[in-house]
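Visitor: the amino acid sequence is not available; the structure is as follows:
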């Protein structure tokens, strides 16, 4: 009886882990590609947000090219961060991430995603990407090229 319980418990754990990995892979596949801004992010005075470029090219390898970066330079991105990272980013930024997906971007080397990354809230509906940065209006992007190339 104990053996059956252990097998069932191990199976459930494997299914939960697999479902989480599949969800992250699905989210990344939906984000991959080139996105062009159709509505800028602004502050209350109408000034454009310096953290949101005119376009993004999200790559399958976890890198992103942004139009406001020098040629040849890339940043790294992470979606569906680990729970401890997400909690640390929420504490650092004071942003309530409930109901939104978290997108982290980081320049340079290192793995301190919780302490050094730029966090965005994002959602994707069809070929429209919405990005939100704390204290700025949401920006909207249209997909101009799929990441499946």
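Guide: That came through fine. Every value quoted in this text rests on a predicted model; they were computed, and no experiment measured them. Numbering: from 1, shown residues only.

Visitor: so what does the residue most central in space within the chain have for phi and psi?
Guide: The residue lying closest to the centre of the chain (C-alpha atoms, centre = their mean) is residue 103, at 2.1 Å. With angles defined as degrees, to the nearest 10, residue 103 sits at phi -120, psi 120.

Visitor: ok, it touching residue 132?
Guide: No. Applying C-beta atoms under 8 Å as the test, residue 103 and residue 132 come out as separate, 9.7 Å apart. Quick note: C-beta positions are derived from backbone N, CA and C, even for glycine.

Visitor: between the two, what contacts are shared?
Guide: 120-122 (C-beta atoms under 8 Å, 6 or more residues apart in numbering).

Visitor: just checking, which of those residues belong to strands?
Guide: 120-122 (DSSP state E).

Visitor: hang on, the earlier thing: what's near enough to touch the residue nearest to the centre of the chain?
Guide: So residue 103 contacts 31, 77-79, 119-122, 131 (C-beta under 8 Å, 6+ apart).

Visitor: give the contact list for residue 39.
Guide: Counted by C-beta under 8 Å, 6+ apart, residue 39 has contacts 138-140.

Visitor: next secondary structure after the lowest-mean-pLDDT helix or strand in the chain?
Guide: Lowest on mean pLDDT, DSSP states H and E among the helices and strands of the chain sits helix 2-31, with a mean of 51. Counting by DSSP states H and E, the next helix or strand C-terminal to helix 2-31 is strand 33-39.

Visitor: fine, thanks again, bye for now.
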